[in-house]
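> Okay, structure incoming, though there's no sequence with it:
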């Protein structure tokens, strides 16, 4: 079909014209032939009038496929639903995968609207959604879907296959069939591969795998992602406290979780939200300023410390040439140590031996500190023709690096213990903090040996 | 089975005893009942003598399942193969998924050894591996497998299903059947779901999806990951220049790619490799020092610039109190702008309008710079009871932030144009660079208005 050879821009132009000229059949044929993802990308560039036509041309279930792609990533999603009639909007939500519909509903600020949608929805969809809507953000429950396929252990494989066939259109994934007992407790799993390669007349109980890898509904989504990654799964069952099967998490949702977590760690290290798309410099500034201003006031501490040493600087102004070098290098070392610590925590590779990893960073700080310190002592001594000054700078540098390294390892651990996300604004925070300690170390040592420096 | 109720440590102890007491049958029963991932984790804690027994107890294909999990992530993998007899090692490699075997072979330093393995291997495995081994790192070719299922368009669904059933054990994924023409060119795809829900007697050509989403063998793995994520695929076909089907990439490999890319971006921002596991502080220091020393010498530029202004500082030592505040804040702003730019480039959300995003960061820099500048002008003016000083600091701060913001947006783009990875050591690099520009701006402005400041 010619449409597949068109670029995004060509499709955009042609489909916009179909909408504007009320060519419903051609629009439907060409638009619906595209992959849902491409339909979604195009939906985002239609204007309000074009969307109004589109809502008339597409059935709720056709639109639901598009919204399953947009999910909550599109910040305009609430306004799209506002544009639709309430019954149509409710039908779209009801036709979406339950986990995605919950994402959307959780992002709608007008809670009255949510109530209206829930009342207008088909009762089975509404039930599924209301089961999911109460799970906390970032837990297994919040990303699971209830559209899975389950059978009991006394089915034959043939019966299980027939059941799978009848459910295949609705289910989010058909590649695992879960085996439950009469109390709906999870007792086994059969992959579609096992179903296909084994003899039809065997019983499910003969073939099923009882080494079930599952998660609890309240487990953190990062742990869930780690399990899917480690065990190479396409879907992971979610159970309640009595091992009852509540839902499944599919690998496509795990890809989103990994992206989200990677963005959030990365954002933290830079004190900026990189996953936010800003349309104007004003909105970008609004999101960046809080951290800049907070860190500015933290940095004022360093300024006021330096101003305590004004007379020292007056008597040896050469000292000021090395302030940024020492604070900068210690900040770099602290950032390295912090990044390693945050990553250990978020990747759960951490053996959580608090003392051991502190000793590790202390020793690493001593080694790097001494090497960098000796280097700068020699360079500064030769440059300024003042070896006592070089030695003061070298010792200060080594001490500042050791302290920054320890702080880098400690801060994320303390934040985690206090229940904060260790990744938030961690990079600039450690740099700003280590400015303070580095200046203190430098000027304390320098004022002790001031007579040697001035000569 | 009781083994599933044992913890990792309990399993470790029991299985080690089985090996030490030559209880082959019990070892095999209990060890092989575990998930491959758990088998691999246990394998890593066995010692050399225990591994020697294990090589006798397990068949090459049983060991291959374990090594498919270890892949190249285990740095000892080369030494494991050294412990085995060459024919056994070759058989293990031949039984592994071809993409994983290639990963292992690429990491073996002794190339003579690789030749030996390739000669001892079954010819069809050797052929598959030698097809893959030449693809460049980080390309689609380097992560694809050749174990896919393909049919021709004139098959009935029943025939296609029979073919799938016969190939199901070997293939890496059975959830897509690819349709090729007589020249092996990719013309369509059928999901197993489509195969199941459609009438058996239909032709493949009637049911197949011709909207094929595929990648070229030389495409970058990040782009591949983005496509799998966007289109929610379980596997993605890889084609050559004539659209001939060469292999497939499965979603489990994409999870690894995403982890790798996230680690590499995160590492870059902190100038440290967070995916490297270090056993000693010495090896950790070795990997961190190169960046620390490089940035130290870059930072010397700032020191030598400051020392040019020694007489200025002598006449107004209060100026030195604000150096770290201005350099630190500009560094934070530059890091924010850089993180956004790097993320846009690596996520390819970039519309690549060089000029547009430069203007965006310029405007964002002006807004944040003016607000932070006014804030610090007032605070410093009141604190030092010196409003001309406050104004000099405020203007310097604003200018330094604007320049750092622009540099943060520019540097990753320049690095990309020059063919470098924009993420490498980007955070500390921008901080260190912006120290230099900030000091220059600050002291230039301060020396111009020095008469007003001293009063």
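Yes, it's here. Source: prediction; values computed, not measured.
> can you give me how far the helix or strand residue A:228 falls within is from the chain middle?
Assigned by DSSP states H and E, residue A:228 belongs to helix A:221-231. Its chain's C-alpha centre and that of helix A:221-231 lie 13 Å apart, by CA atoms, centre = their mean, to the nearest Å.
> Report the mean per-residue pLDDT for it.
Helix A:221-231 carries an average pLDDT of 89.
> what packs against it?
Helix A:221-231 is packed against helix A:140-143, strand A:215-216, strand A:235-239, helix A:251-270, helix B:251-270, with contacts defined by 3 or more CB pairs under 8 Å, 6 or more residues apart in numbering or on different chains; DSSP states H and E. From N, CA and C alone the C-beta is placed, and that goes for glycine too.
> Would you confirm that residue A:61 belongs to a strand?
No. Looking at residue A:61 with DSSP: H, G, I helix; E, B strand; the rest coil, it is helix, so not inside a strand.
> separation between it and chain B?
16 Å (CB to the nearest CB, to the nearest Å).
> check contacts around that residue.
A:91, A:95 (CB atoms under 8 Å, 6 or more residues apart in numbering or on different chains).
> Per-residue pLDDT of residue A:268, please?
85.
> which residue packs closest to it, ignoring adjacent ones?
Once flanking residues are discounted, residue A:268 sits nearest to residue A:423: 3.2 Å by CB to CB, 6 or more residues apart in numbering or on different chains.
> Now for the one you found: which residues touch it?
Counted by CB under 8 Å, 6+ apart, residue A:423 has contacts A:264-265, A:267-269, A:342, A:346, A:412.
> Phi, psi for it please.
Phi and psi for residue A:423, reported as degrees, to the nearest 10, are phi -80, psi -20.
> how near is it to residue A:429?
Distance of residue A:423 to residue A:429, computed by CB to CB, to the nearest Å: 11 Å.
> Now do the same contact list for the closest residue to residue A:219 other than its chain neighbours.
Distance criterion CB to CB, 6+ apart; nearest residue to residue A:219, sequence neighbours excluded, is residue A:140 at 4.6 Å. Applying CB under 8 Å, 6+ apart to residue A:140 gives the contacts A:215-221, A:224, A:238, A:249.
> Could you confirm whether any residue of the host helix or strand of residue A:324 contacts chain B?
Using DSSP H and E, residue A:324 falls within helix A:323-346. Yes. Legend: contact between helix A:323-346 and chain B by CB under 8 Å from any CB of the partner chain is shown at A:323-325, A:327-329, A:331-333, A:335-340, A:343.
> Next one: the very next helix or strand once past that helix, is it in contact with chain B?
Next along the chain after helix A:323-346, taking DSSP H and E as the criterion, comes helix A:354-384. Yes. For helix A:354-384, a contact with chain B is found by CB under 8 Å from any CB, at A:360-361, A:363-364, A:366-368, A:371-372, A:375-376, A:379, A:383.
> of those residues, closest to residue A:314?
Nearest to residue A:314 out of these is residue A:383 (CB to CB; 21.8 Å).
> wait, what's in contact with the closest one?
By CB under 8 Å, 6+ apart, the neighbours of residue A:383 are residue B:304.
> So for it, what's the pLDDT?
Note for residue A:383: predicted pLDDT of 92.
> Then residue A:313?
Value listed for residue A:313 in the pLDDT field: 86.
> ok, now residue A:349?
For residue A:349, pLDDT reads 52.
> what do you get for residue A:300?
On pLDDT, residue A:300 comes in at 92.
> Repeat that for the one 5 residues further on.
What the model reports for residue A:305 is a pLDDT of 93.
> Could you check how far it is from residue B:321?
From residue A:305 over to residue B:321 (counting by CB to CB), the distance is 8 Å.
> out of the two, which sits in the busier spot?
When residue A:305 and residue B:321 are compared for neighbours, residue B:321 comes out ahead with 27 against 17, by other CB atoms under 10 Å in any protein chain shown.
> which residues of chain A score low on pLDDT?
Residues of chain A that meet the criterion pLDDT under 70 lie in A:1-5, A:71-74, A:347-352, A:425, A:455.
> Please, where are all the strands along it?
For chain A, the strands defined by DSSP state E cover A:150-152, A:176-180, A:186-191, A:215-216, A:235-239, A:245-250.
> Reformat these into JSON lines and put mean neighbour count next to each item.
Formatted as JSON lines, those follow (neighbours: other CB atoms under 10 Å in any protein chain shown):
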{"stretch": "strand A:150-152", "mean neighbour count": "19"}
{"stretch": "strand A:176-180", "mean neighbour count": "23"}
{"stretch": "strand A:186-191", "mean neighbour count": "20"}
{"stretch": "strand A:215-216", "mean neighbour count": "19"}
{"stretch": "strand A:235-239", "mean neighbour count": "24"}
{"stretch": "strand A:245-250", "mean neighbour count": "26"}
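> can you list the domains in chain A?
Following automatic domain parsing, one gets these domains for chain A: A:2-134, A:150-259, A:281-454.
> what number of residues lie near the closest residue to residue A:284 other than its chain neighbours?
Leaving out its chain neighbours, the residue that sits closest to residue A:284 by CB to CB, 6+ apart is residue A:278, at 4.0 Å. Using other CB under 10 Å, residue A:278 has 16 neighbouring residues.
> One more: the one 4 residues further on?
Residue A:282 is flanked by 11 other residues according to other CB under 10 Å.
> and it, what does it touch?
residue B:367.
> Deepest-packed of the domains of chain A, please.
Stretch with highest mean neighbour count among the domains of chain A: domain A:281-454 (a mean of 21; mean count of other CB atoms under 10 Å in any protein chain shown).
> Endpoints of that one, how far apart?
End-to-end span of domain A:281-454 (CA to CA, to the nearest Å): 50 Å.
> Then stretch A:376-391?
Stretch A:376-391 end-to-end distance (CA to CA) = 9 Å.
> Please state the offset of it from the chain centre?
Distance of stretch A:376-391 from its chain centroid, counting by CA atoms, centre = their mean, is 47 Å.
> For the stretch 101-250 of chain A, which residue gets nearest to chain B?
residue A:232 (4.2 Å; CB to the nearest CB).
> That residue contacts residue B:252, doesn't it?
Yes. Assessed by CB atoms under 8 Å, residue A:232 is found in contact with residue B:252 at 4.2 Å.
> just to revisit the earlier point, for residue A:269, see how far away the residue nearest to residue A:268 is.
7 Å.
> what residues do those two have in common as contacts?
Residues touching both residue A:423 and residue A:269 (CB under 8 Å, 6+ apart) are residue A:342.
> Would you mind putting the strands of chain A into CSV with distance to chain B alongside?
Output for the strands of chain A, formatted as CSV (distance: least, CB to the nearest CB, whole Å):
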stretch, distance to chain B
strand A:150-152, 15
strand A:176-180, 11
strand A:186-191, 9
strand A:215-216, 14
strand A:235-239, 10
strand A:245-250, 9
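> do you know which of these lies nearest residue A:199?
For residue A:199, the closest of the strands of chain A is strand A:186-191, at 13.2 Å, according to CB to CB.
> Can you name every helix or strand that the closest one contacts?
Partner elements for strand A:186-191 (3+ CB pairs under 8 Å, 6+ apart): strand A:176-180, helix A:204-207, strand A:235-239.
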